[in-house]
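In: What follows is a predicted structure for the sequence shown.
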Amino acid sequence: MVGNQLGTSLYTLPASVANAAGPLGVVAWLVAALGFYLLAEVYAELGPRFPRTGGPYVFADIAFGRFIGFQTAWAHWLSVWVGNVAIVTGVVAYLGFFVPAIDQVPWVRFAVAQGLLWGSCWLNVRGVRESGRVQLVLLLLNVVPFVLLVLALRAFDAHNFVPFAPKGPAGLGAGVVLLVWAFSGVESATVTAGEVEGDDALIRRGTRIGFALAAAMYILAAVVVTGVLPAAEIGATARPLSLVVERALGPWGGTTIAVLGVVTAFACLNGWTLLLGRAAFSAAQDGVFPDAFAHVHPRHGTPARGLVIGTALASLGLFTYFSHSLLQAFDKLVLLANFGILLVYLTSGAATVRLSWMPGRVSPEPVRRRLVVVGAAATLFVAWAIANVGLETLGWGSLVVVLGVPIYILKTRAR
């Protein structure tokens, strides 16, 4: 949960949001955290009640039927593999801080990114346990940037919050939309539910605790970046956390943050690769997604073919490093993927309301009533976020539904 949400976003998005909204961006972080808290509650409650691998697909399938379930799995899977291209690009960007050739030579950047993608795939094919051990070690290191950010508050200057909303109230909506990428992954514990050993309540606790830790880290970073750096400097840097800590504590602090940026970004790639093999797993088992995604490795017990297929597609996406026209095409694909994850969250919120009214699905009565309210509020928040993504994203995002229809038709006819 923590690794899938922090990743590269922790080290880059505070500057992007500050550019979009100015100091009002801190409020955008709070609004986004509140909205995703509602979604975290959705997944914390539904995950233990329907503990099957696939998470959002499972909830949509039970609540609305196979077609909506398929569309949810399709949008989720697409968002994950496209997101992995963006995540590994962030890892490579931070590595360029130490090895200039990575920034300067496209073939070096391409080779390093490929190695990271396939290395993460190999690790996840070997099993959830191995991937989890690596994740635990990497994420424990996030204690260090937390401490450094707290220490950097000594350089805080309240004058940097004036003017508070230089781009007007519209900056708030723009900032929240940017933060969809930051909090994506809030569904992570439910996606691997079929592989959880022990009490199903682990899914509930993992979702709530993981979200709380990630949200606290994000809000701290937003406050520190906005309070320590003038607006002009925030807009000129791609590594805001490094600059902030360097300004407050000296060059060693900036270098430390850069190292931890690589570590955290790889942890994010590792966690999202874990989701990659499971986003469509149950849909394939149910016969509405290609059969290869339901195949389980005979030795390791992981959806190895799904992992390899998704990683191969992400690998092709890295060829955009060599062509401006391909890069532009990939930018459109990212818009499509961002809309796709919003579609997943919209469906999950609506499914919560629907499942709460279905006889025997949610009990006791006080929990059912609370889930109706939480699900409805989460649905409204995601609908508001979708309304603020812009016409271009809405146009490209409509392809999420259209592109999946032929696959659904072919699979259901075959079944």
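Out: Now that the structure is in, tell me what you want to look at.

In: contacting residues for E233?
Out: E233 makes contact with L243 under the criterion Cβ atoms under 8 Å, 6 or more residues apart in numbering. All C-beta spots, glycine's among them, are computed from the backbone N, C-alpha and C.

In: For the helix or strand encompassing it, list every residue counted as buried.
Out: Counting by DSSP states H and E, the element that carries E233 is helix 231-235. Neighbour-count burial for helix 231-235, counted by 16 or more other Cβ atoms under 10 Å, picks out A231, E233, I234.

In: need those in CSV with distance to G340, can you?
Out: Below are those laid out as CSV (distance: Cβ to Cβ, whole Å):
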residue, distance to G340
A231, 33
E233, 34
I234, 29
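
In: Tell me the one of those residues nearest H159?
Out: If you rank these by distance to H159 using Cβ to Cβ, A231 comes first, at 10.8 Å.

In: Just give the closest residue to that closest one, not the sequence neighbours.
Out: Distances taken as Cβ to Cβ, 6 or more residues apart in numbering place G22 nearest to A231, at 6.4 Å, with adjacent residues excluded.

In: from what I can see the one you found touches P163, true?
Out: Yes - with contact defined as Cβ atoms under 8 Å, G22 reaches P163; the gap is 6.8 Å.

In: The two - which one has more neighbours?
Out: Ranked by neighbour count (other Cβ atoms under 10 Å), G22 and P163 place G22 first, with 24 against 10.

In: so how far is W396 from the more buried one?
Out: According to Cβ to Cβ, to the nearest Å, G22 and W396 sit 28 Å apart.

In: CA atoms only: put the worst-scoring helix or strand of the chain on mean pLDDT into PDB for me.
Out: Of all helical and strand segments in the chain, the minimum by mean pLDDT, DSSP states H and E falls on helix 231-235, at a mean of 77. Provided in PDB are the C-alpha atoms of helix 231-235 (Å, rounded to 0.1, in the frame of the first residue of the first chain):
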ATOM      1  CA  ALA A 231       7.400  29.600  -6.200                       C
ATOM      2  CA  ALA A 232      10.000  30.500  -8.900                       C
ATOM      3  CA  GLU A 233      12.400  27.800  -7.600                       C
ATOM      4  CA  ILE A 234       9.700  25.200  -7.300                       C
ATOM      5  CA  GLY A 235       8.800  25.700 -11.000                       C
END
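
In: Name the next helix or strand downstream of that helix, please.
Out: Proceeding N to C from helix 231-235, the next assigned helix or strand is helix 240-249, under DSSP H and E.

In: Now do that following helix: which elements does it pack against?
Out: With contacts taken as 3 or more Cβ pairs under 8 Å, 6 or more residues apart in numbering; DSSP states H and E, helix 240-249 sits against helix 9-21, helix 143-152, helix 201-228, helix 251-276.

In: Pick the most deeply packed of these.
Out: Most buried of the helices and strands packed on helix 240-249 by mean neighbour count (mean count of other Cβ atoms under 10 Å) is helix 9-21; its value is a mean of 25.

In: For the helix or strand following that one, buried residues please.
Out: Downstream of helix 9-21, the first helix or strand assigned by DSSP H and E is helix 25-49. Using 16+ other Cβ under 10 Å as the test for burial, helix 25-49 gives 25-29, 31-33, 35-49.

In: got the angle for helix 25-49 vs helix 201-228?
Out: If you take axes from the mean of the first three to the mean of the last three Cα atoms, to 10 degrees, helix 25-49 sits at 170 degrees to helix 201-228.

In: ok now helix 25-49, how far from the chain's centre?
Out: A distance of 13 Å separates the centroid of the chain from that of helix 25-49, by Cα atoms, centre = their mean, to the nearest Å.

In: Which other helices and strands does that helix contact?
Out: helix 9-21, helix 170-183, helix 188-191, helix 201-228, helix 324-357, helix 365-387.

In: now the fourth one and helix 240-249, what's the angle there?
Out: Right, the one you point to is helix 201-228. Angle, helix 201-228 to helix 240-249, by the same axes, to 10 degrees: 60 degrees.

In: Where does the prediction get shaky in the stretch 301-415 of the chain?
Out: Residues of the stretch 301-415 of the chain meeting the criterion pLDDT under 70: 324-335.

In: can you check the stretch 51-200 of the chain too?
Out: Checking the stretch 51-200 of the chain against pLDDT under 70 turns up nothing.

In: now do 90
Out: 51, 82-83, 85-107, 109, 126-147, 149, 152-182, 192-200 (pLDDT under 90).

In: Which residue ranges of it form helices?
Out: For the stretch 51-200 of the chain, helices defined by DSSP state H, counting those that start in this stretch occupy the ranges 56-64, 66-95, 100-104, 106-125, 128-140, 143-152, 170-183, 188-191.

In: among those helices, which is nearest A377?
Out: Going by Cβ to Cβ, the one of the helices of the stretch 51-200 of the chain nearest A377 is helix 170-183, 15.0 Å.

In: so the closest one versus helix 201-228, what angle?
Out: 140 degrees.

In: In contact with the residue lying closest to V372 once chain neighbours are set aside, which residues?
Out: Counting by Cβ to Cβ, 6+ apart, V372 lies nearest to S356, which is 4.7 Å off, once chain neighbours are set aside. S356 makes contact with V362, R368, R369, L371, V372, G375, according to Cβ under 8 Å, 6+ apart.

In: S356 and Y43: what is the separation?
Out: For S356, the distance to Y43 equals 14 Å [Cβ to Cβ].

In: So which bits of stretch 153-170 are buried?
Out: Using 16+ other Cβ under 10 Å as the test for burial, stretch 153-170 gives N160, F161, K167.

In: My guess is the last one contacts A20. True?
Out: Spelled out, that is K167. Yes - the pair K167 / A20 is scored as a contact, 7.3 Å apart, by Cβ under 8 Å.

In: Pull up the overlap in contacts between those two.
Out: Residues touching both K167 and A20 (Cβ under 8 Å, 6+ apart): A174.
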